Structure formats: C-alpha cells, structure tokens
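Chemist: 3D model of this:
(chains A, B and C)
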Amino acid sequence: MSIAIYILTFAVLLVGLYAVVAKKNIIKIIVGILVIDYAVNMLLVLIGYRSGGAAPILDKGLEKEKAVAELAKTGVDPLPQAMVLTSIVIGLGLTALMVALAVRLYQKYGTFDMGRIRGLKG
Amino acid sequence: MNPGMTLIVKNTARLITGFIAVFAVHIALTGHLTPGGGFAGGVILAAAAVLVVLAFGRKGAGAMADEPGTHVWDAAGAMGFLVVALCGYFLGAFFLNFMPHGRVGDLLSAGTIPLSNLAILVKVGAGLAGAFLALSAFRLFKTLPRGHWRAGEPGAGFGSLR
Amino acid sequence: MEILLPLLVALPLGVAFGIVILAHVPALRRATGVLAAAAVLANLVIAVRIFNLPSMAFHVGGWGGGKTLGIELVCDGLAKVMLVTVNFIAFVAIVFAGPYMRRFTKLWLFQSLFLLMTGAMNAVVLAGDLFNLFVFIEVAAIASYALVAFGTEAEELEAAFKYLVLGTVGSAFILLGVAILYSLTGQLNMAKVAQGLTVIGSGPAVLLAAAALIGGLALKAAMVPFHAWLPDAHPSAPAPISAMLSGLLIKTSGIYALARIVFNVLGPTTQYAYILIILGAASMVIGMFLALGQWDFKRLLAYSSISQAGYIVLALGAAAYLVATGGETWVAKLCLFGAFFHLFNHAAFKSLLFLSSGAIEQQAGTRQLREMGGLVRTMPVTSFCCRVGALSISGVPPFSGFFSKLVIIISLALAARTSDNPALMYTLCAIAVGVAVGTLLMYIKVQRYALEGPQAAAGAEVKEAPVLMCAALVILAIVCLGAGVALLGFREYIFDPVSGALLGALR
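Modeler: Here you go, the predicted structure:
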C-alpha cells in the first residue's frame, strides 16, 4: 500500500506539470500550478503519516509528561502539518496574484490564449 | 432597480453574518486547543464580508466594501503580530513565549499564542476581503441587458452586483 | 550581539506594514519614501556592524539548547558578505527609486513591496534551516512578481505572468526536495540534515531530493535550461526593480541557496560538481551569444546577467569538483573567493548599469540602442557612470570586474595543474577567457551606440537626470572603481571566512 500512494502523488505532480507545459489557456495553466501545489502538499502530509496514528492534539486534564510521551509513540508527526499549513497559505497568495494578473491580461490583450499574448520577443 | 439580490437573500444575510463572524473569532481564539487557529478564522471572517458584498451589492454594503480600509486593517494585523514578537524580543529572544503557559486545555493558556492568533485573524480576514474587492472591481464581460431572454419585457429578473 | 540578527528581518517587514498604514493618513503621504530609505539604511548599518563580530547563531523563541526543532538564524562568514551586499544595493536602489518612480501612482505600494523583498532576502541569507529558507525565498519571489507587474502595461503584465508561472514551478520543486530530505533524516536544521545524510550515504532518494533542489534553485538563479523567464521579466520591470532582481534576487535565492545546499547540506560530490559546471558553462556561453545580438539595452543587460551568473556557478562547480576529488584545498578556497568576489562585483556593476539605463530611459525616452546616441554630451554624469559600469563588467583594469574575473581564471588554471582532470579545467579556463572577450565586445557595442556616436534626432533637448538618481549612480561607480583594489588588500579578512564557512565547519 505505502509505495503505491507515493507513486500516485508523483503522478498528480506530473499531471499538474503537463498542464503547465502543454496547455495554452491561462486558466488551465493556473489550474496546473494549483495541482502541482496540491501534490507537493499531499506528499508532505503523507510523510508525517503513521498508519493507525492518533491526531497530534493533547487532551485536557491528562498529565503533561505522560501525554507527551504517549503522543510521541502513537501520534502522527505534526511538523509536516505545520509545513503544509504554511505552504497552503503561500499557494493562496500566489493564486490570488495569478488570477489578478490573468484578469488584467484579458483587459489588455482581449484573450486568454497564451499563444496570442506574445508582446515580448527575442 | 434595487442593488444586490432579492429580499430573501438580504434578510438571511443580515441574520447570519453576525453568527459567521462570531464563529470566526471562536475558531481563532481556541486555535491552541482545537484545529484551526488564526488563518482558518481569517478565511471565515473574509467569507462573511464576501457574503455581505454579494448580497447587498458594492454600494449597498457600505463600509464593508471599503477597499482602502482593508489595507489599513491588514497592516494593523501584521503590526500586531510584530508587536507580540518584539515584546518577547525585549525580554530575551525574538518570539519568546513570555506569558504564563497555564494548564494544557485551558482557554487562557499557551502564553502569547492566542494573541498571535488574533492578529493573524485580523490580517487574513482583511487581506482576503481586500483581494476579493480588488478582483471584483473589474468588469470583464458586458452584462446582458435586463430581460434579455424575454423579448420586449423590461425590468424584473435577478439583481446584479452593481 | 546575536540579538541584532532578527532585527535585520523584522525592521524592513515592520516598516513595510507601517508604510501601508501611514499612506492612508493624508498628512504623512510624503514621509513614506524617507521612512523606507531610513529603514534600509538602518539595515545597512546593522549589517556593517555585524561584519566585525565572530560567527553567531540566534534561536528564535529561545528554543535553543538541546531542542532539535526550532528556527535558527545563522550568521557565518558567507552570510556576512551577502548581508552587506544585499543591504548596500537595496539602499542605492531605493535612493534611485525616489525620483524615478514619480511617474507611477501608489508609491506607498512600491515602497512596501520593496521593503518586503529586502527583508525576505535578508532572511534567506540568514536562514539556518531548510523550510525557513524555502518560505523566505517564496516571500521574496512573490514580492518580486508584484513589483515586475507594477506599471501594469501590457508587456509588464505578460512578463510578470511568465515569471510567475516558471518561478512557482521552481518553488514547488524546492519544496519537494525539502520534503524528501525531511523524510530521510527527520530534521530540518541544515547542520543536522548534513549529519543525517552522512549516516544515510547517497541512495536514490537522496539523489532525487538533490535533483529537485538543484533544479528548482537553478531556475531561481536563471541558469541556462531554466532561464526563459529572465529576458522578459528584467527589462519590463521599472529600473530600480531590475537592478534589485538582477543584482540581488537571482543571487540570494538562486546562487547563495545553491552554494549552501550543495556545500553544506548535501556535501560536494563529483556528480553535483559536474552538474554545477555544466550549468555554469552553458549559461556563460549561451547568455553571451544571445546578448550580442540584442538591440534593446535592458534586454542585453538581462542576457548578460545570465552570462555573469554562469561565471559564479562555474567557479562554485570547480571548487566542488576539487573538494570531491580530493584536490588541493587552497585552490578550492581560491575558487570560492573568486566566485563570491564576482558575486559582490556583479551586484554592484549590474545594478549600476540597470540604474543608468533607467536614467537614460527617463530622460531620453527610449530603450533601443539604435535610437540613442551622443549621450556623453547631454548627460555627462550618467554616461560617465555607465561607462564605469561597462568597463567594469568587461573586465578592464583597474576596475573591480577585472580582478574578480582574473581570480576565477587563475584559479581554474591552477586547478588544471593540480587536479586529476586537467583537460576539463583547461577547457573551462578557455571558456571563461572566451566569454570575457565576448562580454567586452557586447559592452563596446553598448558604449558605441548609447554614449558615443552622432546625436539622435530627438536628442537635442535631453537633460541630465535628477540629483538623487545621479547620487545613487555615483556611489555605485565609486564602489566599482575602488572595490577591486580595496578588496584584494583585505582578502584574508573578508573572504577567508567565506571559504571556511562553506568548506570547513558543517560537513
């Protein structure tokens, strides 16, 4: 099971990369970038996963030291989850910027087709 | 022509926006106890602002659709986060968690983390609402004339984001 | 004094957000520019102050000691040189941007984004763990995408979109590499990842992580198979932003991060050395050939940036090769000295050239070399500074570029004599000399068409640039003139810690 999921994650990454490379519509390129970001985030979460693990939240009322030791034995790794949170926020900022640029490009060039937006040459 | 959507949508928005905002603050404040935290709370707060602008139109939404205001709140949230970090800085290390940690599971625990969560709530909420307002200011496609599908009849039909 | 390290990051970020608030108070609108310049100047003062102190590390949040997971800001010899470079060029650029950006509205937005980019670049240089490096590379990159599109003309938007798409794919690959390294070693701190990797050795997973990291960082550094965004993005940006992008951004988030990761985290092996050498040599040659045929002044400068960045990566690759094959350590140190000396020099003279092209564009109204002419007579200060920059990048003595290229060529020749693959090193030495000649040719073309020559038809009423812009150009020209001689005298003091940081301590 475990190796198949990682291969699938890389397959999603490659699908996103295909969309960025081969498609001409700006919106499809943006979706391709989103898919690449999702694939890398998914890989990060999978890295921290432990099958049958508990969520990394300390319960109220337990002794702190015992709870921490318990969590270290059976819990899922929380550090990749923190990394994924940061990465999702970065992806959000980039998506907003990309969409704004796409809207402005449509205003200037009148089309969403990257093949026809060729003002800069050489 | 009334700006915004129909009466049902407007009344529902009036009733429910307060609850959405309170829910957002709750998720941000208990960020050290339950999943969520500042960022998730900010997104929900921005969703409340988006709901108001969609239901009432930009002119009807009044102060909620004020784009320069979102810039100021955005920067104020960031400055709040920085002030929390700098308070720790003057006491030792940058971002030092200098308030008492309390018991695990209490609301008033984990030192300065709830304050940071509140600052992030303000920043993300203002930031996303500002992004929505900036993007919705563009007029991409010409809107169809009213009653286009019923030839000859003026008026009626659905509202518009005017 | 390590308490000063977070200030280098927090000060620009805080002032950036402060400017946003102040800009909405009607009375204080004019003060935002002065505030931004003061913030960068304060950063420069702190960076120079830190320069004399020994290496230090700062643990954010007091999570130092035995705890293995925490954000660490590390300031060793390499970081000190980079900090002074970043803050100095940023200060000169923002002084230039004062009069230049008056044609745009929303100046507060420009200053805020500029400070965000500067603060993020400082944090990239100071980063002690992999994920912090990635986050601040991203912050600097997002600020630069918005700054390239600042004028919102059609060409700027198109260039910004292409830059954004390629930059995001590169960043995704960097994060992929960081994720794989984390899964192998369980650590994010660079020193601890290096220790973990010595235990694991070099299996296919490490190679995959290295490939993803080097690929993503080579895209940020505009090395040749991944350079397609640079000739569109750098010319379309406003001139101070072109100077910042070409002089600083491809160097901190590209070349500096590449050096850190190959030397300090992964450890220099012959495979990585060959990759760096091929990337560097290809960038040098192809960048030079593409620049020779350009008639747009800023586009020529952009291609020339690719070529000179190739010099630095070639020297890094040669140093890595020498360390990996057990060659003479002092030759490797000379290679690293040449690489980072050239990095500082290139930041200085490429910024000078981009800023002078901005001054020419503002006064003469054009960027095409065929339409300029005779600017020596009408714009004396600007053309003098432009000539200093052009001679410096061509490697003419006594300017700084001559010394740094000489050190790289001599170190490659010495490596050929003392290493076990002399053919490779002699070839690289010949390529370096050839590209230096080509660079001289392209800048003779620039000087002939822009500065000398008959005056263009509309050139009669061209006036000199405003005072602040000329002041920025003169400061950079003085640095180009003096840096060569001065830095060679101070070599041990400034650059030996650089080689020590990269070769010695962490691996």
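Chemist: what about the chain, any weak spots by pLDDT?
Modeler: Picking chain A for this. With pLDDT under 70 as the threshold, chain A has low-confidence stretches at A:1, A:58-64, A:119-122.
Chemist: my bad, chain C
Modeler: For chain C, the ranges with pLDDT under 70 are C:1-2, C:29, C:62, C:64-68, C:456-461, C:504-507.
Chemist: Get me the contact residues on it for chain B.
Modeler: C:3, C:6, C:10, C:13-14, C:17-18, C:20-21, C:24, C:58-62, C:64 (Cβ under 8 Å from any Cβ of the partner chain). The way it works is simple: take the backbone N, C-alpha and C, and place the C-beta from them, glycine included.
Chemist: so which of those comes closest to residue C:440?
Modeler: residue C:13 (41.5 Å; Cβ to Cβ).
Chemist: out of everything not next to it in sequence, what's closest to that closest one?
Modeler: Closest residue to residue C:13 apart from its sequence neighbours, by Cβ to Cβ, 6 or more residues apart in numbering or on different chains: residue C:119 at 4.4 Å.
Chemist: show me where the stretch 101-250 of chain C has helices.
Modeler: Chain-ordered helices for the stretch 101-250 of chain C, with DSSP state H, counting those that start in this stretch as the definition, fall at C:107-126, C:130-148, C:154-185, C:190-200, C:204-220, C:230-236, C:239-244.
Chemist: centre of the chain versus the lengthiest helix in chain A, how much separation?
Modeler: With DSSP state H applied, the helix covering the greatest number of residues in chain A is identified as helix A:78-109. On the basis of Cα atoms, centre = their mean, to the nearest Å, helix A:78-109 sits 10 Å off its chain's mean C-alpha point.
Chemist: is it anywhere near chain C?
Modeler: Yes. Shown here: helix A:78-109 in contact with chain C (Cβ under 8 Å from any Cβ) through A:79-80, A:83, A:86-87, A:90, A:93-94, A:97-98, A:101-102, A:104-105, A:108-109.
Chemist: Same question for that helix: list its buried residues.
Modeler: By 16 or more other Cβ atoms under 10 Å in any protein chain shown, the buried positions in helix A:78-109 come out as A:79-81, A:83-84, A:86-87, A:89-98, A:100-106, A:108-109.
Chemist: helices and strands around that helix, which ones?
Modeler: Of the remaining helices and strands, those touching helix A:78-109 by 3 or more Cβ pairs under 8 Å, 6 or more residues apart in numbering or on different chains; DSSP states H and E are helix A:26-47, helix B:113-135, helix C:130-148, helix C:154-185.
Chemist: could those helices go into JSON lines alongside mean neighbour count and distance to residue C:345?
Modeler: Converted to JSON lines, the helices and strands packed on helix A:78-109 look like this (neighbours: other Cβ atoms under 10 Å in any protein chain shown; distance: least, Cβ to Cβ, whole Å):
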{"stretch": "helix A:26-47", "mean neighbour count": "20", "distance to residue C:345": "36"}
{"stretch": "helix B:113-135", "mean neighbour count": "22", "distance to residue C:345": "40"}
{"stretch": "helix C:130-148", "mean neighbour count": "24", "distance to residue C:345": "22"}
{"stretch": "helix C:154-185", "mean neighbour count": "23", "distance to residue C:345": "25"}
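Chemist: Residue C:335 is nearest to which of those helices?
Modeler: Shortest distance between residue C:335 and the helices and strands packed on helix A:78-109, using Cβ to Cβ, is found for helix C:130-148: 23.6 Å.
Chemist: Excluding chain neighbours, give the residue nearest to residue C:251 in space.
Modeler: Distances taken as Cβ to Cβ, 6+ apart place residue C:343 nearest to residue C:251, at 5.7 Å, with adjacent residues excluded.
Chemist: Excluding chain neighbours, give the residue nearest to residue 116 in space.
Modeler: Went with chain A since none was named. Closest residue to residue A:116 apart from its sequence neighbours, by Cβ to Cβ, 6+ apart: residue A:109 at 7.0 Å.
Chemist: To clarify, I was referring to chain C.
Modeler: Ranked by Cβ to Cβ, 6+ apart and with sequence neighbours excluded, the top spatial neighbour of residue C:116 is residue C:143, at 4.5 Å.
Chemist: Residue C:111 is in contact with the one you found, correct?
Modeler: No. The pair residue C:143 and residue C:111 fails to qualify as a contact (Cβ atoms under 8 Å) at a distance of 11.6 Å.
Chemist: Can you dump the C-alpha atoms of stretch C:106-113 in PDB for me?
Modeler: Taking C-alpha atoms only, stretch C:106-113 is exported to PDB below (Å, rounded to 0.1, in the frame of the first residue of the first chain):
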ATOM      1  CA  LYS C 106       0.500  54.400  -5.400                       C
ATOM      2  CA  LEU C 107       4.100  54.900  -4.400                       C
ATOM      3  CA  TRP C 108       3.500  53.600  -1.000                       C
ATOM      4  CA  LEU C 109       2.700  50.200  -2.500                       C
ATOM      5  CA  PHE C 110       6.000  50.100  -4.300                       C
ATOM      6  CA  GLN C 111       7.900  51.000  -1.200                       C
ATOM      7  CA  SER C 112       6.100  48.500   0.900                       C
ATOM      8  CA  LEU C 113       6.700  45.700  -1.600                       C
END
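Chemist: How about that stretch and chain A, touching?
Modeler: No. Residues of stretch C:106-113 contacting chain A under Cβ under 8 Å from any Cβ: none, with a closest distance of 11.5 Å.
Chemist: which stretches of chain B form strands?
Modeler: Counting by DSSP state E, chain B has no strands to list.
Chemist: Which residue would you name as the spatial centre of it?
Modeler: Taking Cα atoms, centre = their mean as the criterion, residue B:46 is the residue nearest the geometric centre of chain B, at 2.3 Å.
Chemist: wait, isn't it in contact with residue B:121?
Modeler: No. In this structure residue B:46 lies outside contact range of residue B:121 using Cβ under 8 Å: 10.1 Å.
Chemist: Cheers, nothing more for now.
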